[in-house]
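Novice: Give me a 3D structure for the following:
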Amino acid sequence: MPLILPTPVDAKAELAKENIPVLDEVPDGADFLDVAVLNIMPNKPVTETQLLRLLSVSPLPVRTTWLRPAAHVSKSTPQAYLDEHYQVHAEVADRRFDALIVTGAPVEELDFEEVTYWDELREIMDWARTHVTSTMYICWGAQAALYHHYGISKHHLGSKMFGNFATRAVEENAPLLAGFDEEFHVPHSRYTGTLLADLQAEPEIEVLAQAQETGFYVAGRRDGREFYVSGHPEYDRNTLREQYERDTAKGLPMHVPPGYYPGDDPARTPVRNWHAHGRLLYANWLGHYVHGRRAAGAR
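Specialist: You can find the predicted model right below:
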């Protein structure tokens, strides 16, 4: 379905190359999903493209509203770009949205309370429970939501969880995982994680998919109002390679990401084998938990 981008974010040109239709405004009389994205990744245009690519599988056109923390000065994205394409929560606090995505952020080694926009993020997470049909939290965003709402702490892993890992469904009949293969791959890139046992001890949450190496991959509230995703199905083919080469050049203790390069050889081109399941994850979320709940009058 078309994406509706009221401002010409950098992703627009790349999406056109991929034959993903993009409109400037909602066609007269057309139904659509109103999706907000709190993008707290450093390189915002890259994350925009990755997420918009997945949102294009929606059963209805998707209009996106891009949000940024007001209490944070970006070092990677020019302020002029943010002023043109992004809003802060106070500007949309009176609106209701069909869906909200909260991205990860490279702040996982800080205590939550040390993050400059932590209080603002807590306010947004509380607001989402009354103004959003269903919310998806990604990576550090998932850790933040689990800590804020349930007091579930994140834990340092000792070394970076970095690679493309075979993952399996725990709840095969969950609508979010409809059509998934028995085993599928998911990129991960993080230094902290959430203990599987802590999630299993919370009666309001069910773990839907997990891997031996990574622990939980997807968990959600049993009512479908929130989902927590520890990996990155939105990643491009070269995202892990760029991170690997960047951190190796810095002299950081890095290992070749398992399951990513053919033969674990960094000289070879990675095979992107996680994209189809990522599209299916978003199609199921938007179709069943967002559009379906809205159609049923649940919000």
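
Novice: What's the local residue count around residue 100?
Specialist: Applying other CB atoms under 10 Å, we find 25 residues neighbouring residue 100. Every C-beta, even on glycine, is put in place using the N, C-alpha and C of the backbone.

Novice: Actually, residue 185.
Specialist: Other residues lying near residue 185 total 23 when counted by other CB under 10 Å.

Novice: what do you get for the one 4 residues further on?
Specialist: For residue 189, the tally of surrounding residues (other CB under 10 Å) stands at 21.

Novice: Which of the helices or strands spans the residue lying closest to it once chain neighbours are set aside?
Specialist: Taking CB to CB, 6 or more residues apart in numbering as the measure, residue 189 lies nearest to residue 162, with 5.4 Å between them; neighbours along the chain are not counted. When elements are assigned from DSSP states H and E, residue 162 belongs to strand 155-169.

Novice: what lines up beside that strand in the sheet?
Specialist: Each strand paired with strand 155-169, and its direction, by DSSP bridges: strand 183-193 (antiparallel), strand 205-211 (antiparallel).

Novice: of these, which approaches residue 153 most closely?
Specialist: Across the strands paired with strand 155-169, residue 153 has its closest neighbour in strand 183-193 (9.5 Å, CB to CB).

Novice: Which residues outside the helix or strand following the closest one are in contact with it?
Specialist: The helix or strand immediately downstream of strand 183-193 is helix 196-200, counting by DSSP H and E. Helix 196-200 is contacted from outside by 146, 152, 153, 205, 207, 210, 215, 216, 219, using CB atoms under 8 Å, 6 or more residues apart in numbering.

Novice: and if we set it to 7 Å?
Specialist: Here helix 196-200 makes contact (CB atoms under 7 Å, 6 or more residues apart in numbering) with 152, 205, 207, 210, 215, 216, 219.

Novice: Would you pull up how far it lies from the middle of the chain?
Specialist: 21 Å (CA atoms, centre = their mean, to the nearest Å).

Novice: Mind telling me what element residue 100 is part of?
Specialist: Secondary-structure element containing residue 100, defined by DSSP H and E: strand 97-102.

Novice: cool, residue 248 as well?
Specialist: Assigned by DSSP H and E, residue 248 belongs to helix 239-249.

Novice: what does the helix or strand just after that helix rub up against?
Specialist: Once the chain leaves helix 239-249, the next helix or strand it forms, by DSSP H and E, is helix 275-284. By CB under 7 Å, 6+ apart, the surrounding residues in contact with helix 275-284 are 54, 55, 57, 175, 176, 177, 178, 179, 180, 184, 233, 234.
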